[in-house]
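In: okay, here's the prediction I keep looking at, along with the sequence it came from:
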Amino acid sequence: MAGQTVVPIGSATAKKVYSVATFHDSLRKATFRRNLTGPAPTQSSAERKAKGQTSPDYPFVRVTDLRRTMGYNVSVDMFNIITGKPVMGDRKLSGRMMSLSSSSMDIRIDQYRGGVDQGGRMTQQRTVHNLRTMARAQLSGWGGRCEDQLMLVHAAGARGYDTAHDWVVPLQSDPEFSEICVNPVLPPTPNRRLFGGNATGAADIDSTDKLTLDVIDAIRVTIEEMAFPMQPVRFPGDPAVDEQPLYVLYVTPRQWHDLQTATAGQNWRNFLAQAYERARGWSHPLFTGTPGMWNGILVKKTFRPITFPAGELVEESDASGIVTTTAANATFHRAVLLGAQAVAEVYGRHGESGYHANYHEEMTDHGNTVEQSLGFMGGKSKLRFTNSSDELTDHGVIAVDCAVSA
């Protein structure tokens, strides 16, 4: 009978194999970004760029550059579309060339880690569970929640005030908040922020400004009338990708409840049926569960709400990026509408593993106790650019603030 293969604690094999396995486990466990991440841009996507569809077409962009080291800045360039009028007939084209304009932003990466002390020999003696395996599984779950929540916070432009026990990212009042987020959490730009009802800001949201189908209709009209419209999400295999541009609206459970409560029976059935019809004959995991769709906007739940209780401070940005704070007039939640290239996550090389995640374990206390840790070398940031009107513009995300029922 062959003996069981055991990877010794602290071995090079454990570092390499477990680092890769634990990172991919954390990606699979994530709920917000798992089905919304596409490949990084490549030179071969020039044709799509020429159509105004900057590659990639997913809301979240993952860039893995293993040459990067801790504290390195990664520059992301975004080019504005050209808007000159045509030159007709035999008029001279020379001297009337259109210029390329672009803006760039730096995304910083840093090391962030979490660890587990699985206890000593007597702790293992008292349980039938393999604590080494249990600790690694717990670290995978922790890593998934950490990555997921950081992405949500950057996309929403705020952490909010929710204090559910499964939050890994602390409140913004925590002294380590900015360090944990690595890059600044950027409040929504004015041209990428919408509200329920007739509200125009956090200071005048009242209890009637809830999420309704009319609000979703208004969102669609706003997108279509934008001078610099947000690019839609383009999932491979979507049969209506060109005829019916798709956006994804992530709402909180309370916003979903308010939407359902305010929607008549037939409209609610249509809301659910439209998502089913869009996915018919085309299988994409984003359409699993019970999503709804209205006016080309897919509506999904996120179970970690960005909440602002009445009286709490809300950060708001003007078109030049100057941030001020306003007290919320009524309790509201923030939904996020995602198009293409909303947030970038950049990874570098973590020294021990040579990979962008590192699993480590070691014996301590004279060989009596095992400690395990999971570390990442990376950073996330919402993508934004300065348009040709010199307005700061969030590239692929719109914040939608709506009052919620008690």
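Out: Cool, the structure landed. Residues are numbered from 1 along each chain as shown.

In: secondary structure class for the residue nearest the centre of the chain?
Out: When the chain is reduced to its mean C-alpha position, the closest residue under CA atoms, centre = their mean turns out to be M151, at 3.6 Å. Using DSSP: H, G, I helix; E, B strand; the rest coil as the criterion, the local structure at M151 reads helix.

In: what does N358 give?
Out: With three-state DSSP as the basis, N358 sits in strand.

In: next one: it relative to D110, how far apart?
Out: N358 sits at a distance of 13 Å from D110 (criterion: CB to CB, to the nearest Å). Where C-beta positions appear, they are placed from N, C-alpha and C, glycine not excepted.

In: okay, these two: which has more neighbours?
Out: For N358 against D110, the residue with the higher neighbour count under other CB atoms under 10 Å is N358, and the figures read 25 against 17.

In: before we move on, back to that, hey, what's in contact with both of N358 and D110?
Out: With contacts taken as CB atoms under 8 Å, 6 or more residues apart in numbering, the residues that reach both N358 and D110 are M377.

In: could you give the number of residues near R108?
Out: Burial of R108, expressed as a neighbour count using other CB under 10 Å, amounts to 17.

In: that one and N183 touch, don't they?
Out: Yes - with contacts defined as CB atoms under 8 Å, R108 counts as touching N183 at a distance of 5.5 Å.

In: identify the contacts common to the two.
Out: Taking CB under 8 Å, 6+ apart as the contact definition, R108 and N183 share the neighbouring residues G379.

In: before we move on, the earlier item: I'd assumed L338 was in contact with the residue nearest to the centre of the chain.
Out: No - in this structure, M151 sits apart from L338 without contact. The criterion is CB under 8 Å, and the distance is 10.7 Å.

In: who's in contact with P59?
Out: Counting by CB under 8 Å, 6+ apart, the residues that P59 touches are 36-37, 155, 233, 248, 338-343, 396-397.

In: how much space between the spatially closest residue to it that is not a sequence neighbour and N73?
Out: Distances taken as CB to CB, 6 or more residues apart in numbering place L338 nearest to P59, at 3.9 Å, with adjacent residues excluded. Applying CB to CB, one obtains 25 Å for the distance of L338 from N73.

In: equivalent analysis for V397, please.
Out: Between V397 and N73 the computed distance is 22 Å (CB to CB).

In: and the two? Which one has more around it.
Out: Looking at V397 and N73 with other CB under 10 Å, you find the greater number of neighbours at V397, namely 27 against 13.

In: I figured the more buried one hits A335, correct?
Out: No - distance between V397 and A335: 10.6 Å, which falls outside the contact criterion (CB under 8 Å).

In: next helix or strand past the helix or strand where M134 lies?
Out: Mapping M134 onto the secondary structure by DSSP states H and E places it in helix 131-156. Going down the chain from helix 131-156, the next helix or strand is helix 177-181, by DSSP H and E.

In: what comes up buried for that following helix?
Out: Residues of helix 177-181 classed as buried by neighbour count (16 or more other CB atoms under 10 Å): I180, C181.

In: what's in contact with it?
Out: By CB under 8 Å, 6+ apart, the residues outside helix 177-181 that reach it are D110, Y112, L150, V153, H154, R159, V169, P170, L171, D174, P184, K380.

In: spatially nearest residue to the first one, not counting backbone neighbours?
Out: It stands for D110. With CB to CB, 6+ apart as the measure, V182 is the residue that lies nearest to D110, at 4.9 Å, once sequence neighbours are left out.

In: output the lowest mean pLDDT helix or strand found in this protein.
Out: Confidence across the helices and strands of the chain bottoms out at helix 46-50, with a mean of 38, counting by mean pLDDT, DSSP states H and E.

In: can you list the low-confidence ranges for this protein?
Out: Along the chain, the parts satisfying pLDDT under 70 run over 1-58, 61-71, 74-83, 99-104, 118-131, 281, 350-355.

In: from A164, how far out is G143?
Out: In terms of CB to CB, G143 sits 18 Å off from A164.

In: for G339, same thing?
Out: Distance of G339 to A164, given as CB to CB: 28 Å.

In: look at these two and report which has more neighbours.
Out: Under the criterion of other CB under 10 Å, the comparison of G339 against A164 puts G339 first, with 25 against 9.

In: thought that one was touching M226?
Out: No - the criterion here is CB under 8 Å, and G339 misses it with M226 at 10.8 Å.

In: who are the contact partners of V248?
Out: V248 sits in contact with L36, P59, V233, L286, I297, L298, K300, L337, L338, where contact means CB under 8 Å, 6+ apart.

In: quick check, the last one in contact with A155.
Out: Put plainly, it is L338. Yes - L338 is within contact range of A155, at 7.1 Å (criterion: CB under 8 Å).

In: these two: which is more packed in?
Out: Neighbour comparison, L338 and A155: the larger count goes to A155, with 30 against 26 (by other CB under 10 Å).

In: residues contacting the more buried one?
Out: P59, V336, L338, A342, V343, K382, V397.

In: rewinding a little: for the contacts of V248, which one is nearest Y276?
Out: Of all the contacts of V248, L298 has the smallest distance to Y276: 11.4 Å, by CB to CB.

In: that closest one belongs to a strand?
Out: Yes - with three-state DSSP as the criterion, L298 is located in a strand.

In: count of residues packed around it?
Out: Summarising burial for L298: neighbours were counted as other CB under 10 Å, giving 21.

In: could you look up the SS state of the closest residue to it other than its chain neighbours?
Out: Spatially, and ignoring its direct neighbours in sequence, L298 is nearest to V248 (4.9 Å; CB to CB, 6+ apart). Following three-state DSSP, we place V248 in the strand state.

In: so what pairs up with V248 in the strands?
Out: On DSSP bridges, the residues paired with V248 through beta bridges are L298, L338.

In: distance check, it against V185.
Out: The spacing between V248 and V185, counted by CB to CB, is 21 Å.

In: which one among the contacts of helix 177-181 gets closest to S405?
Out: Nearest to S405 among the contacts of helix 177-181: R159, at 22.6 Å, using CB to CB.

In: next, format the contacts of V248 as JSON lines and append distance to A203.
Out: What follows is those, written out as JSON lines (distance: CB to CB, whole Å):
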{"residue": "L36", "distance to A203": "32"}
{"residue": "P59", "distance to A203": "29"}
{"residue": "V233", "distance to A203": "32"}
{"residue": "L286", "distance to A203": "35"}
{"residue": "I297", "distance to A203": "27"}
{"residue": "L298", "distance to A203": "31"}
{"residue": "K300", "distance to A203": "29"}
{"residue": "L337", "distance to A203": "22"}
{"residue": "L338", "distance to A203": "26"}
